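1. Kindly return the folded structure for what I paste below:
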Amino acid sequence: MKQERAIRTRERILDAAAQEFAAQGYGRTTMQTVAERIRLTKGALYGHFTSKEQLAAELVRQAGQSWRQVTDASRRPGIPAASALRRLLAGLARRHHEEPRFQAVFRILAEQPDGPFAQPGFAQELLGGLTEEFRHAQQAGVVPRWTSAEGLARLSVGAMLLASHAGVGGPDAAGAVRDDVELLWDMVEALCRDREPPAA
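-> Predicted structure coming up:
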């Protein structure tokens, strides 16, 4: 019973931290504001996490798990390259929409002083996975080879970083991300209709 209560408290703390990071940003979030959000004493909070850095690290770790679930679902055998890529982008946007913890991680990444991709971990794994999928799409003739696979991957991540860093909350943020992903896909399809690079 005691262990179950501790697990529930830990999950409440992570939910509160995600809400604080998403609403206030990483820099303005403190252990005090996390504790106050769920009416928990700081002593009880420190019994689970000793710093906001540790809270952020756990949220980033969980985001990595969510991302791997998205990639596993989109890479099933027999799925055409175009469908796999679209499912991957849609799955990423859906996670950002439906999972507050996942969305909070993009706000954390957006505020990193050296940029979101400077440190090894989730952000680099995300960028690498998307780049790989765009390259597969290029090999299958879905995306023109003259485009930059990494550039398209950065645009995909950038749509979520921008929405998160802007502090847009609720359905507006969800709609913005979905619209941006759809716009990105429209751009890819437009590129596919033009197999040669545009004139300089």
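2. Go through the helices and strands of this structure and name the one with the lowest mean pLDDT.
-> helix 170-193 (a mean of 61; mean pLDDT, DSSP states H and E).
3. for the strand or helix carrying residue 153, packing partners?
-> Per DSSP states H and E, residue 153 falls inside helix 149-165. With contacts taken as 3 or more CB pairs under 8 Å, 6 or more residues apart in numbering; DSSP states H and E, helix 149-165 sits against helix 81-98, helix 100-110, helix 122-139, helix 170-193. C-beta coordinates here come from the backbone N, C-alpha and C atoms, glycine included.
4. Taking helix 81-98 as reference, get the angle to the second one.
-> I take that to be helix 100-110. Computed by axes from the mean of the first three to the mean of the last three CA atoms, to 10 degrees, the angle separating helix 100-110 from helix 81-98 equals 100 degrees.
5. So for helix 100-110, mean pLDDT?
-> Averaged over helix 100-110, pLDDT sits at 90.
6. just to revisit the earlier point, could you export the helix holding residue 153 as PDB, CA atoms only?
-> Output of helix 149-165 as PDB, limited to C-alpha atoms (Å, rounded to 0.1, in the frame of the first residue of the first chain):
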ATOM      1  CA  ALA A 149      16.500  15.000 -45.500                       C
ATOM      2  CA  GLU A 150      17.900  16.500 -42.400                       C
ATOM      3  CA  GLY A 151      16.500  19.900 -43.300                       C
ATOM      4  CA  LEU A 152      13.000  18.400 -43.600                       C
ATOM      5  CA  ALA A 153      13.500  16.600 -40.200                       C
ATOM      6  CA  ARG A 154      14.500  19.900 -38.600                       C
ATOM      7  CA  LEU A 155      11.400  21.600 -40.000                       C
ATOM      8  CA  SER A 156       9.300  18.800 -38.500                       C
ATOM      9  CA  VAL A 157      10.800  19.200 -35.000                       C
ATOM     10  CA  GLY A 158      10.800  23.000 -35.400                       C
ATOM     11  CA  ALA A 159       7.100  23.100 -35.700                       C
ATOM     12  CA  MET A 160       6.700  21.600 -32.300                       C
ATOM     13  CA  LEU A 161       9.500  23.500 -30.700                       C
ATOM     14  CA  LEU A 162       8.000  26.800 -32.000                       C
ATOM     15  CA  ALA A 163       4.500  25.900 -30.700                       C
ATOM     16  CA  SER A 164       5.900  24.900 -27.300                       C
ATOM     17  CA  HIS A 165       8.200  27.900 -26.900                       C
END
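7. mind checking how far the strand or helix carrying residue 57 is from the chain centre?
-> Counting by DSSP H and E, the element that carries residue 57 is helix 52-74. Relative to the chain's own centre, helix 52-74 is displaced by 8 Å; criterion: CA atoms, centre = their mean, to the nearest Å.
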